[in-house]
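Undergrad: have a look; sequence and predicted model below, questions after that.
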2 protein chains.
Amino acid sequence: MTVRERNNAEQLAARDCDNCTETRIITDELKHYQEEHERLCVLLNITREISTELQLDRLLFVIMDEVKNALHADRCSVFLLDEEKNELWSKVAHGESEIRFASHLGIAGHVATTGEILNIPDAYADSRFNPEIDRQTGYKTQNMLTFPMRNRLNEIIGAFQVLNKKEGSFTRDDEELLNAISTIAATQIENAQLYEQLQNTLNSFIETLASTIDARDPLTAGHSKRIALYSNEVAKIIHLNEPRKKVLRFAALLHDYGKVSLSDAILKNHKKLTEKQYSQMRSHPAITRAILEKIQLSKELKDLPFIAGTHHEKVDGTGYPEGLKLEQIPAEGRLLAVVDAFDAMTSNRYYTGRMSFEKVIRILEQDSGTHFDPAFVKAFKKLRLDKLVEILENESAEWLDKTDLSKLSQYTIDDLIFELRFDTTRNNGFKLVDTFKKYYQQEYLKQKERG
Amino acid sequence: MTVRERNNAEQLAARDCDNCTETRIITDELKHYQEEHERLCVLLNITREISTELQLDRLLFVIMDEVKNALHADRCSVFLLDEEKNELWSKVAHGESEIRFASHLGIAGHVATTGEILNIPDAYADSRFNPEIDRQTGYKTQNMLTFPMRNRLNEIIGAFQVLNKKEGSFTRDDEELLNAISTIAATQIENAQLYEQLQNTLNSFIETLASTIDARDPLTAGHSKRIALYSNEVAKIIHLNEPRKKVLRFAALLHDYGKVSLSDAILKNHKKLTEKQYSQMRSHPAITRAILEKIQLSKELKDLPFIAGTHHEKVDGTGYPEGLKLEQIPAEGRLLAVVDAFDAMTSNRYYTGRMSFEKVIRILEQDSGTHFDPAFVKAFKKLRLDKLVEILENESAEWLDKTDLSKLSQYTIDDLIFELRFDTTRNNGFKLVDTFKKYYQQEYLKQKERG
């Protein structure tokens, strides 16, 4: 090889070398973008999942699930700051219950207070870790990443805690991904909290309103709330879906709202009403309906005025205000008719106490098919006796004995009726009727004592 | 160069060639990922911006702005389907007004009905394009991309319309980007609609409730709503912020709610009350407060019960129920005191009509500093006369003449007072007092006619 030839070859080799370097740089860059791409795709997917959920409870589960998967971890908890109570709280997966503790306690408390990120590769080697919860739950925490959750105003609203990375421990990349998720999750959590607050306001508004109407007459105090509680129990028995449960609950609370426009002379007159007064009294379901129709209701509540206005209709068409027959009355209205009559008959009268339970049930049964829809009378009789007693004594719950309730929870109104009619005692010697009557007549006894 | 040497060189060249190809492939891939990266970053940013906004109006503006920028377009409109009315509607930027049309009309209607994507490079060459809006607004549409907006259930809930791409016309890439934005926007719009619905339900619930309480006594019919309208006008005059306006509005609507528990004997007795009845009557603000305190209120509404309960306090401490003095009464309560008294004095009495306007204002002025906070009396007198007449005649708005209203809108209560006291006529010959009194006394005349 001549010198020139060697130079040529070296030049070629050198070019090759340049190329190699270039290729390497480009390849590195490509790798970086590919990883970044994957990260962004994960982030976008999580964002989409999170953004669909506006109900706080469900949202928290979605977030915990998504974060757990994105970080290849075994568990994730979201702790939220309750500013009023100065506590951190978290939903427990698949349970109704919450964990709550003072907002400065534990590692989550430390992070929520200081805003520090804590990436702890060996929990048991860290003095801040509280092994108490592991001891209680039987879980074994190995490593944990705890991250403050900040809203748009950079205020800390809680903390993420991710436990037990599946391979190795949590990395810088995990921290960065969690950082990005955190902002989006915080925004959606704040939206869900706003929505929940508004729902709570509306719900408690309606409850308060119902109770003030009932309170105009001491005889009906608590009536609407009890109707709502009974309806909800029957709704569970017949497996009504959530949207219909909701409209039923509002209809129950507001069914007597039309009474707001009745005069005291009619409302508080417990003697015989004149013909004219009686006809005004009978106008209250129509007034309820007319008032509720003025309210802007969402699609799922559209039937509320109609339902609330039919609680005095009878399936044979002899009810009021419209004399509707069986299927013309909405199912919720037929259900309300049963529980409304039941509550009226079982209310305390100051001097006479409650009507005998046998008689109340006899009336419901006798009027099945004329006044009441037999299907709902039947469903009502499946009510568990602990629930029944709790609702009957809703306003003096402190009188109830837990052991009695636990015993009563084994039986339904049907069981009670059989025992009443056949005068039997259970094989285990438990006398249902005695325990039930203790509460059914208690209010009566209390009143007698006072009076 | 020997054959071997040439082969070596060729081999090197060939390797170089392979490398070139590889580099090219990698470079192409890199370019792809870089573009994809940019697209995802845009998408994530848009998602973040969109997800913070739960108020529908503001959300729509954020979306239109973000889409416009992301697609380098001149304009973007979001059309939403109103299922009840079978219409498409859109917010007009920087305006309170809406565009509305039958949901099958125009290009947006076509897209919202068929679910097709329409990418039209030359609008005027397309027969489906309706040039009418351009003609009205003076805008010149060149190209347009119209895209259906679908929710999670794949139902069409509206359409995006992007106008006038800044360079060239809309590409496949634009369509893809819009597709990705669409899902996220649809989700957030549905969330915002849920939130708005709930707000509307709560608002109209409170309004209905207030009006049913007022209606118990014909003399006070419409009172709470008028108080809310007056308060809102004064709030604008003193530049109260939105959260405080909201609590003021609810307090105005609910200030008399405690009257629900008063008996007819007290409420409808327009003669002299007994000492005992009078003391019960005076208990109504405290009852209002107690009832409202039972409601679960959000942070921004926390003061509602307190405010609503202070509308009969006087700044000199002689009011009720608590005898609070100036700063002890919340500002909103002091404002309510002024408008509550004004409305009581200017209400129609069936047989006597309204108290003379001069006398009403004289009383507000005389009692400034004892009953009323002078600052709020002063602010109240800045009320525009068209607003005043509209609120006075709130329940018979059909009597109002638009030309009169437009004239009255130039003047305030202060102007009217000067004209009343100095018995002047405006330079332009317009006699304020005459036009005002026509409405102020009209209701009185109407009643007389009927009676």
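TA: Structure's in. What do you need?
Undergrad: report the rounded mean pLDDT for stretch A:86-104.
TA: The average pLDDT within stretch A:86-104 is 80.
Undergrad: pretty sure A:Ile295 sits against B:Ser204.
TA: Yes - judged on C-beta atoms under 8 Å, A:Ile295 makes contact with B:Ser204 at a distance of 4.7 Å. The C-beta positions use only the backbone N, C-alpha and C, and glycine is treated the same way.
Undergrad: who's more crowded, the two?
TA: A:Ile295 (20 against 14; other C-beta atoms under 10 Å in any protein chain shown).
Undergrad: please name the residues that touch A:Ala221.
TA: A:Ser211, A:Asp214, A:Ala215, A:Glu395 (C-beta atoms under 8 Å, 6 or more residues apart in numbering or on different chains).
Undergrad: of the residues you listed, closest to chain B?
TA: Nearest to chain B among those, counting by C-beta to the nearest C-beta, is A:Ala215 at 6.5 Å.
Undergrad: setting the sequence-adjacent residues aside, check what's closest to the closest one.
TA: Nearest non-adjacent residue to A:Ala215, counting by C-beta to C-beta, 6 or more residues apart in numbering or on different chains: A:Ala221, 5.5 Å away.
Undergrad: mind checking pLDDT for the one you found?
TA: Value for A:Ala221, per-residue pLDDT: 83.
Undergrad: over to A:Gln447?
TA: You'll see A:Gln447 listed with a pLDDT of 61.
Undergrad: mind listing what A:Ile238 touches?
TA: Taking C-beta under 8 Å, 6+ apart, one finds A:Ala379 in contact with A:Ile238.
Undergrad: mind checking how far it is from B:Arg226?
TA: Using C-beta to C-beta, to the nearest Å, A:Ile238 is found at 46 Å from B:Arg226.
Undergrad: then A:Glu22?
TA: 79 Å.
Undergrad: what do you get for A:Arg334?
TA: Between A:Arg334 and B:Arg226 the computed distance is 41 Å (C-beta to C-beta).
Undergrad: how far away is the most centrally placed residue in chain A from A:Ser90?
TA: The residue lying closest to the centre of chain A (C-alpha atoms, centre = their mean) is A:Asp57, at 8.2 Å. Distance from A:Asp57 to A:Ser90, counting by C-beta to C-beta: 12 Å.
Undergrad: then A:Ser283?
TA: 51 Å.
Undergrad: so A:Leu81: helix, strand or coil?
TA: Assigned by DSSP: H, G, I helix; E, B strand; the rest coil, the conformation of A:Leu81 is strand.
Undergrad: what's the closest non-adjacent residue to it?
TA: Per C-beta to C-beta, 6+ apart, closest to A:Leu81 is A:Gly158, 5.2 Å.
Undergrad: now A:Gln34, nearest residue through space, not along the chain?
TA: Here the residue nearest A:Gln34, using C-beta to C-beta, 6+ apart, is B:Tyr33, at 6.2 Å.
Undergrad: so that neighbour: helix, strand or coil?
TA: B:Tyr33 - assigned by three-state DSSP - is helix.
Undergrad: tell me which residues of stretch A:238-245 come out buried.
TA: Going by neighbour count (16 or more other C-beta atoms under 10 Å in any protein chain shown), the buried part of stretch A:238-245 is A:Leu240, A:Arg244, A:Lys245.
Undergrad: just put those in a markdown table and tack on secondary structure.
TA: Shown next, in a markdown table, are the buried residues of stretch A:238-245 (three-state DSSP):
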| residue | secondary structure |
| --- | --- |
| A:Leu240 | coil |
| A:Arg244 | helix |
| A:Lys245 | helix |
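Undergrad: redo the residues you listed as JSON lines? Include distance to chain B and pLDDT.
TA: Formatted as JSON lines, the buried residues of stretch A:238-245 follow (distance: C-beta to the nearest C-beta, whole Å; pLDDT from 0 to 100):
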{"residue": "A:Leu240", "distance to chain B": "21", "pLDDT": "95"}
{"residue": "A:Arg244", "distance to chain B": "17", "pLDDT": "96"}
{"residue": "A:Lys245", "distance to chain B": "17", "pLDDT": "96"}
